[in-house]
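Trainee: Fold the following.
(one chain, ligands or ions: 1)
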Amino acid sequence: MPDLWLPGAERHPLGDTAPTDTQYDPRVIWHITWDRNASAAKPADLVPFDTLVKYFTGGGKGAAPHLLWDPFTGRIAQFYPANSRAKSVVDTVGGTRTNRTGKVCLQVEILFFPHCRVNGKTYATVRDTPAKGLDRILTWARSWKVPDTWPMGTPMWTAHRDERTWETEGGHYGHSQVPENQHTDPGPMPQWPGSTSTPKPAPPTFPGRSAFGPGKSNASILLLGQQLVRRDYGKHYRVGPSRDWGEADRRNVADFQRAQGWTGSDADGYPGPETWRRLFT
Ligand SMILES: [Zn+2]
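Mentor: Sure thing, here's the model as predicted:
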């Protein structure tokens, strides 16, 4: 089975999982968080990522997606595993169960509103953003067999909802294309990177030796731990890997290094570029 949790995403499991309706083809539904109503004349600062994490794990739980994605930094948080429904679209009685349609029905909330301001620059659509991390989301969606297509066309700010297409085709949908719904997000989206082929993803960039060690806390440590678990070098974790460096990380890395035939300081449990490369390829 592909990864239930997107590798490298910050995990905030809400529990409360429920199966999807697996007779339908797999899909992704895209949203923007639309936290503020700004305009070209009156742009507003983007809302902090952590504010949205707090919302979707608190008062906004009832509308939580699978992923919250910041297209400016590439930061991703995840609230439900891939095989559960999320709750970000409206599901009225009758018709398909919109939050559950598909072998997977992955929902992504993009941290964005039109005319948001980031580092002094204003962005009218998601298409204008650097779309950092989009490739990681797509790689994950493809691993769940979501095709790289927009069955109802690439999203515009206007609604276009066709129940029959929704029921018969997998792929990517905007909230503006989901039956029974009113929202018109996400608006124009970036071109799909690498949509003509599905090359093996490149290993993530080595963050440098200084990212690891006692007292360090960052996304690279989490990514490292998740990859160790995936490669079956996670036995020293009592609880799952986290952003905080611990002795379990060091011991798991050391196991992996010894398995490479390395000894001494080459197997000290602190990852260097070669450990990193071998772990991720
Ligand atoms: Zn929406």
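Trainee: where exactly do the helices run in the stretch 101-250 of the chain?
Mentor: 134-143, 163-168, 219-230, 247-259 (DSSP state H, counting those that start in this stretch).
Trainee: and for the second one, what are the contacting residues?
Mentor: Going back to what we said before, that points to helix 163-168. Identification of contacts with helix 163-168 by C-beta atoms under 8 Å, 6 or more residues apart in numbering yields 24, 25, 95, 96, 101, 151, 152, 173, 177, 178, 179. The way it works is simple: take the backbone N, C-alpha and C, and place the C-beta from them, glycine included.
Trainee: who's in contact with residue 176?
Mentor: Neighbours of residue 176 in contact, by C-beta under 8 Å, 6+ apart: 155, 156, 157, 158, 159, 160, 161, 183, 184, 185, 186.
Trainee: and if you look at residue 206?
Mentor: Applying C-beta under 8 Å, 6+ apart to residue 206 gives the contacts 271, 272, 273, 276, 277.
Trainee: Tell me how many other residues surround the residue of the stretch 101-250 of the chain found nearest the ion.
Mentor: Taking C-beta to the ion as the measure, the point where the stretch 101-250 of the chain comes nearest the ion is residue 175, at 3.4 Å. Applying the criterion other C-beta atoms under 10 Å, we find 25 residues in the vicinity of residue 175.
Trainee: show me what contacts it?
Mentor: 29, 30, 31, 88, 89, 181, 183, 184, 185, 186.
Trainee: Show me how the chain divides into domains.
Mentor: 10-177, 209-280 (automatic domain parsing).
Trainee: Can you pull up the residues of the stretch 101-250 of the chain that come close to the ion?
Mentor: By C-beta under 5 Å from the ion, the residues of the stretch 101-250 of the chain that approach the ion are 175, 183, 185.
Trainee: Tabulate those residues (TSV), appending pLDDT.
Mentor: Converted to TSV, those look like this (pLDDT from 0 to 100):
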residue	pLDDT
175	96
183	92
185	96
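Trainee: Which member of these is positioned nearest residue 46?
Mentor: Each of these was scored against residue 46 by C-beta to C-beta, and residue 185 proved nearest at 15.3 Å.
Trainee: mind listing what that closest one touches?
Mentor: Shown here is residue 185, whose contacts under the criterion C-beta under 8 Å, 6+ apart are 30, 31, 32, 34, 155, 174, 175, 176.
Trainee: Who is the second one paired with across the strands?
Mentor: To tie it back to what came earlier, the one meant is residue 31. Residues in a beta bridge with residue 31, per DSSP bridges, are residue 109.
Trainee: OK, contacts around it?
Mentor: Residue 31 sits next to 65, 88, 107, 108, 109, 110, 174, 175, 183, 185, 186 when contact means C-beta under 8 Å, 6+ apart.
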